[in-house]
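Colleague: Sequence first, then the predicted structure:
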Amino acid sequence: MSEIIIDRDEARRDLAAIFRWTARENMHEGVANHFSYAISDDGQRFLMNPFGKHFSKMRASDLIEIDAAQYPAELRGRIDPTAWAIHSAMHRNNPQARCIVHLHTHYATALSALKSPTLPAIDQTSCRFHNRVAVDLGFGGMGLGDEAERLSTLLGNKMMMMMGNHGFLTVADTPALAFDLAYHFERGCRTYMTAIATGEELAVLPDDVAETTAQQFENYEGGATTYMLAIRSILDEEEPEYRQ
């Protein structure tokens, strides 16, 4: 089985870094939620965080290599069954989903609980996600079995999924971009939920302006990588053990 181009050790360090940064940004749920990264071209083998390890203490060596084809019985107790079900189905059925970041952040999850869990283009950040988020309105439980398979069919060519009554996930070629999308989606949701809380009418931007802005984000080179380098430079100084 051929391997993807990114260095596996660097992928581990990037993942450990974004786990820790997610905790710093209070976007985590302690030991819940999961990130994964495919280390084979077909997505059949991937790295994922172990069950019970707090995001703020994650190290590169903590990430476990898993086969998407069958639940690893030998790892029972070390791998969350719902995490394996969702991530294995997503990787198996969406080979473009190299890295998956799944979170239940405060504002995005609040938005997921609304009748229409979509993020309108009301500012520059929310424009980034204009017509670029798959929306699931069929929540059927914690993501085991058929529910995980169902979710994995909804992504299409999108890089994000709003999981109604649940949370959201992002997918990308790299941990840097998957996290950058997740971070800014939560920021966009924060702005939107704060704005609607005022009860005032929203100034929703026209579709053409939102689309132009979204394309500008997509063509803005180096943003996610630069953010990752900045995160890692801080962690290299303050929490260098993340690299171990």
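Modeller: Everything's here; your move. Note that the coordinates shown come from a computational prediction; the quantities given were computed from them, not determined experimentally.

Colleague: only C-alpha atoms for contact and neighbour calcs from this point on.
Modeller: Will do.

Colleague: in this structure, which residue is closest to the centre?
Modeller: residue 101 (2.1 Å; Cα atoms, centre = their mean).

Colleague: got a pLDDT number for the residue lying closest to it once chain neighbours are set aside?
Modeller: With Cα to Cα, 6 or more residues apart in numbering as the criterion, residue 101 has its nearest non-adjacent residue at 4.6 Å, and that residue is residue 35. Model confidence at residue 35, given as pLDDT, is 97.

Colleague: quick one: residue 35 from residue 45, how far?
Modeller: Separation of residue 35 from residue 45 (Cα to Cα, to the nearest Å) stands at 14 Å.

Colleague: how far away is the most far-flung residue of the chain relative to its centre from residue 190?
Modeller: What lies farthest from the middle of the chain is residue 200; by Cα atoms, centre = their mean that is 31.1 Å. Residue 200 sits 16 Å away from residue 190 when distances are taken as Cα to Cα.

Colleague: Am I right that residue 100 sits in a strand?
Modeller: Yes - assessed with DSSP: H, G, I helix; E, B strand; the rest coil, residue 100 lies in a strand.

Colleague: List the contacts of the nearest residue to it once chain neighbours are set aside.
Modeller: Of all residues not flanking residue 100 in the chain, residue 171 sits nearest, at 4.6 Å (Cα to Cα, 6+ apart). Applying Cα atoms under 8 Å, 6 or more residues apart in numbering to residue 171 gives the contacts 97, 98, 99, 100, 101, 159, 160, 178.

Colleague: Out of those residues, name the two that are farthest from one another.
Modeller: Among those, the pair separated by the greatest distance (Cα to Cα) is 98 and 160, at 12.8 Å.

Colleague: and residue 168, helix, strand or coil?
Modeller: strand.

Colleague: Just read off the phi/psi values of the closest residue to it other than its chain neighbours.
Modeller: The spatially closest residue to residue 168, leaving aside those adjacent along the chain, is residue 162, at 4.5 Å (Cα to Cα, 6+ apart). With angles defined as degrees, to the nearest 10, residue 162 sits at phi -90, psi 120.

Colleague: can you count the residues close to residue 162?
Modeller: Residue 162 sits with 23 neighbouring residues when counted by other Cα atoms under 10 Å.

Colleague: And it, how far from residue 185?
Modeller: Taking Cα to Cα as the measure, residue 162 falls 10 Å from residue 185.

Colleague: residues contacting residue 185?
Modeller: Contacts of residue 185 (Cα under 8 Å, 6+ apart): 108, 125, 126, 129.

Colleague: for residue 65, helix, strand, or coil?
Modeller: Relying on three-state DSSP, one would call residue 65 strand.

Colleague: hmm, I was thinking of residue 42
Modeller: Assigned state for residue 42: coil (three-state reduction, three-state DSSP).

Colleague: and it, how far is that from residue 229?
Modeller: 28 Å.

Colleague: follow-up on the earlier one: and the pLDDT at the residue farthest from the centre of the chain?
Modeller: Looking at residue 200, the pLDDT reads 98.

Colleague: Centre of the chain to the longest helix seen in the chain, how far?
Modeller: Identified as the longest helix of the chain according to DSSP state H is helix 175-197. Relative to its chain's centre, helix 175-197 lies at 11 Å (Cα atoms, centre = their mean, to the nearest Å).

Colleague: Only the buried residues of that helix, if you could.
Modeller: 175-183, 185-193 (16 or more other Cα atoms under 10 Å).

Colleague: and stretch 79-88, C-alpha only, in CSV?
Modeller: The C-alpha coordinates for stretch 79-88 follow below in CSV (Å, rounded to 0.1, in the frame of the first residue of the first chain):
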residue,chain,number,x,y,z
ILE,A,79,-10.2,3.5,21.0
ASP,A,80,-13.6,5.1,21.4
PRO,A,81,-16.1,2.9,19.4
THR,A,82,-18.0,5.9,18.1
ALA,A,83,-14.8,7.6,17.0
TRP,A,84,-13.6,4.6,15.1
ALA,A,85,-17.1,4.1,13.5
ILE,A,86,-17.3,7.7,12.2
HIS,A,87,-13.7,8.2,11.2
SER,A,88,-13.3,4.8,9.6
